[in-house]
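[1] here's a sequence, model it:
(3 chains)
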Amino acid sequence: MQGLNPEQQAAVTHLGSPLLVLAGAGSGKTRVITQKIAWMIRKGVHSADQIAAITFTNKAAREMRERASQLLTKEEAKGLTVSTFHTLGLNIIKREAKRLGYKNNFSILDAQDSAAILKELAHKEDVEEAENLRWIISRWKNDFISVEQATLQANTTDEKLAAILYEKYQRQIKAYNAVDFDDLIVLPVRLFEQHPDALQFWQNKLRYLLIDEYQDTNACQYRFIRLLSGIRGALTAVGDDDQSIYAWRGARPENIAQLQKDYPMLKVVKLEQNYRSTARILQSANKLIGNNPHLFEKNLWSTLGEGDPIRIMPCRNPEHEAEKVVSEILKARFRDRAAFKDFAILYRGNHQSRLFEKLLRENNITYKISGGTSFFERAEVKDILAYLRLIANPDDDAAFLRIINTPKREIGTSTLEKLGEYAHERHTSLFNAAQELGFAQRISAKATQRIETFCFWLHELIRAADSADPTKIVQQVITDIGYDDWMKNTCNTPKQAEARMKNVWEIVDWVRKLHDDGAGKETLSDIIAHMSLVDMLERNSEEKEQDAVSLMTLHGAKGLEFPSVFLIGMEEELLPHANSVDEHSIQEERRLAYVGITRAQKNLTISYAKTRSRYGEASIVEPSRFLDELPPEHLEWEDKKVITPEQRQETARAYVSNLQALLGD
DNA sequence: CAATAAGGTATTTTT
DNA sequence: TACCTTATTG
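    Here you go, the predicted model:
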């Protein structure tokens, strides 16, 4: 409890009714959550195994677990649940898989898998565009709308089509004995609603819930929380409506208001003291977000001093913008001996990073770029995981299709089409169908031979997986399929092949690590399930320590902070984005800008280009309307700044002496 | 089956 | 403009 301000203390010690903590940016929300966990355990209110802290990201979960365990002895922290919604959901489903109609070796389909399945199904229905249908279906699932309800309420042609596909999709993946990411929340809710004893079991086990980033919960997650916390409402929800930037993905910031309706006893605590930024940055952020309607008024303040004004950097074009930002970083490096890791370049869309990457490379500035394809989206990782998934769950047709001809086994599309037909007729999985005599009769002797070899091999592995160490199984898969050679043959450069194989061996390491961890991760199936939900951030911790400039989208920057932030591309059509200018969306765009501004601790530079080529055509663009919403007295326009000869000389002096010092090091 | 050409399409994406 | 996906062809 040391070092907590009065509001934080109130949040930590409040019990007896549900608590909503409105935690402004940089107000110490993680601190409140971890301290509250520790406090409850120390006071004997609940033991660690009765408390669950729920986050959205693995990263947040990791950080929270670390910080909570620092406050407690190992013994006290034993059994504490700190996990993402999805991991908690998985654990609940695992325990009750049978009742939900799944075998306990069920697979988890990632976003790409479900997209591929849906696309295939859409194709059969003679539908070309499956992408928006996927959105509709996912939104339904996030809203806990069943197939039946969706079918009834579908109005537009798109919705009616989506409802048909929704039904087919669910039937399909059920046949695969697979669930998708959305199901990891949907199924526990369904379980709780249909089986009171299951609900009671979990309510009894998890007596107190702490929810992080509460504004990002969707309707289904809200239902989940409400069921689990029960009428007791033993929960603390921590969130910030001003940082709700995922509405487009189904998040319901209005869940904050809903909490008050559902729990009249709700206690609300506001955290307004910011421990991150200087006053001018905060006042600017406050002014900007003040243009959004608010349920609860909030005014961030800090004692970190007034600080420097926010620099506004108008640029001729994007190239000019990148040059200026990079030269500013270099200048600060030499003049103030700043570390590269103190800088972040934030943008609205991923494509904006390209120019900056190029320039940073040219200037030998180390940088790290987050976003883009994650470890799990890499083809080589997906391949190996598909093999493992198939071994654990031979009904997983998605996995079967992915790897049946990777590496090439000379099993072509026509063979697979016939296999698909046959499996459909016999109502069985592809792998099962492949082994049936009836199928063998339909294809050539050569094809039969190839299929047989594959099935025989896989059977051996399935058998081995029963008893052998999972790590061994993975290694065997990789060597048996000759993945190394396949990589060498299919990659453009040997270097690329090497990099990919490195990823492959990381999977092995990781399986070993999860297996050694124990705790319900004994079987291959358990391990794979966890693997598809956990990220790989910790895999190269040395990379994390690197002194590198951070490049990321505004979405990716939430929760982070940097001494110096460059918010680039502050233009109409970009931020706010051209597709998000209606009454409602513009508010989320404003929150996005707010998130960007509040990442900065000391220095904030906002840049925009006056011309930008859009889709190949050069066009003049307008500065963002959000610039007009910032307090002019805290802004310093680069193009209007007058530098005196004395200042210039001073800068040069500092520059030279630091350069000498750097070279001397 | 692989290489090539043409075409279509460009926000954000915690799991 | 630059990318990725799809269709075609040998």
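[2] tally of neighbours for residue A:660?
    Residue A:660 has 10 neighbours, counted by other C-beta atoms under 10 Å. Heads up, the C-betas are built off the backbone N, CA and C, glycines and all.
[3] mind checking the SS state of it?
    Three-state assignment for residue A:660 (DSSP: H, G, I helix; E, B strand; the rest coil): helix.
[4] and residue A:400, by the same measure?
    Three-state assignment for residue A:400 (three-state DSSP): helix.
[5] how about the residues of the stretch 51-200 of chain A that lie near DNA strand B?
    Proximity of the stretch 51-200 of chain A to DNA strand B is confined to A:56, A:57, A:58, A:59, A:84, A:86, A:87, A:111, A:181 under the rule C-beta under 7 Å from any atom of the strand.
[6] helices or strands next to the helix or strand harbouring residue A:591 in the packing?
    With secondary structure defined by DSSP states H and E, residue A:591 is part of helix A:583-597. Judged by 3 or more C-beta pairs under 8 Å, 6 or more residues apart in numbering; DSSP states H and E, helix A:583-597 is in contact with helix A:279-289, helix A:554-557, strand A:562-567, helix A:625-628.
[7] mean confidence for the helix or strand where residue A:432 lies?
    For residue A:432, the host element (DSSP H and E) is helix A:430-434. For helix A:430-434, mean pLDDT is 92.
[8] relative to DNA strand C, which of the helices and strands packed on helix A:583-597 is closest?
    helix A:554-557 (18.8 Å; C-beta to the nearest atom of the strand).
[9] need the CA coordinates for that closest one. CSV is fine.
    As requested, the backbone C-alpha atoms of helix A:554-557 are provided in CSV (Å, rounded to 0.1, in the frame of the first residue of the first chain):
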residue,chain,number,x,y,z
LEU,A,554,-1.6,3.7,-32.5
HIS,A,555,-3.5,0.6,-31.6
GLY,A,556,-0.3,-1.2,-30.9
ALA,A,557,0.9,1.6,-28.6
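[10] pull out the buried residues from it.
    A:554, A:556, A:557 (16 or more other C-beta atoms under 10 Å).
[11] lowest-confidence one in these?
    For those, the least confident entry is residue A:556, with 91.
[12] list phi and psi for the closest residue to residue A:159 other than its chain neighbours.
    For residue A:159, ignoring the flanking residues on the chain, the nearest one in space by C-beta to C-beta, 6 or more residues apart in numbering is residue A:136 at 6.1 Å. Backbone torsions of residue A:136, given as degrees, to the nearest 10, read phi -60, psi -50.
[13] tell me how many other residues crowd residue A:136.
    Using other C-beta under 10 Å, residue A:136 has 19 neighbouring residues.
[14] and the one 5 residues further on, by the same measure?
    Neighbouring residues of residue A:141 were enumerated by other C-beta under 10 Å; the total is 24.
[15] and it, what helix or strand is that in?
    helix A:131-142.
[16] touching DNA strand C at all, that helix?
    No: on the criterion C-beta under 7 Å from any atom of the strand, helix A:131-142 is out of touch with DNA strand C, staying 9.9 Å away.
[17] buried ones in that helix?
    Here helix A:131-142 shows A:133, A:134, A:136, A:137, A:138, A:139, A:140, A:141, A:142 as buried, counting by 16+ other C-beta under 10 Å.
[18] the closest residue to the second one other than its chain neighbours sits in which helix or strand?
    Think residue A:134. Closest residue to residue A:134 apart from its sequence neighbours, by C-beta to C-beta, 6+ apart: residue A:118 at 5.3 Å. Per DSSP H and E, residue A:118 falls inside helix A:111-124.
[19] what does residue A:33 give?
    Applying DSSP H and E, one finds residue A:33 within helix A:29-42.
[20] could you say what helices and strands the helix or strand following the helix holding residue A:432 packs with?
    Following helix A:430-434 in sequence order, the next helix or strand is helix A:437-440 (DSSP H and E). Here helix A:437-440 touches helix A:413-425, helix A:445-467, going by 3+ C-beta pairs under 8 Å, 6+ apart.
[21] buried set for stretch A:48-60?
    For stretch A:48-60, by 16+ other C-beta under 10 Å, it's A:48, A:50, A:51, A:52, A:53, A:54, A:55, A:56, A:57, A:58, A:60.
[22] should've said stretch A:116-132
    Per 16+ other C-beta under 10 Å, stretch A:116-132 contains these buried residues: A:117, A:118, A:119, A:121, A:122, A:127, A:130.
[23] the third one is in contact with residue A:129, isn't it?
    It refers to residue A:119. No: using C-beta atoms under 8 Å as the test, residue A:119 is too far from residue A:129 to be in contact (9.7 Å).
[24] may I have the helix or strand harbouring residue A:391 as PDB, with CA atoms only?
    Assigned by DSSP H and E, residue A:391 belongs to helix A:379-392. Taking Å, rounded to 0.1, in the frame of the first residue of the first chain, the C-alpha atoms of helix A:379-392 are listed here in PDB:
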ATOM      1  CA  ALA A 379       3.800 -20.300 -42.800                       C
ATOM      2  CA  GLU A 380       6.400 -22.500 -41.400                       C
ATOM      3  CA  VAL A 381       5.000 -22.200 -37.900                       C
ATOM      4  CA  LYS A 382       1.500 -22.900 -39.100                       C
ATOM      5  CA  ASP A 383       2.700 -25.900 -41.000                       C
ATOM      6  CA  ILE A 384       4.400 -27.500 -38.000                       C
ATOM      7  CA  LEU A 385       1.500 -26.600 -35.700                       C
ATOM      8  CA  ALA A 386      -0.900 -28.100 -38.200                       C
ATOM      9  CA  TYR A 387       1.000 -31.400 -38.100                       C
ATOM     10  CA  LEU A 388       0.800 -31.400 -34.300                       C
ATOM     11  CA  ARG A 389      -2.900 -30.500 -34.300                       C
ATOM     12  CA  LEU A 390      -3.600 -33.400 -36.700                       C
ATOM     13  CA  ILE A 391      -1.700 -35.800 -34.500                       C
ATOM     14  CA  ALA A 392      -3.600 -34.600 -31.400                       C
END
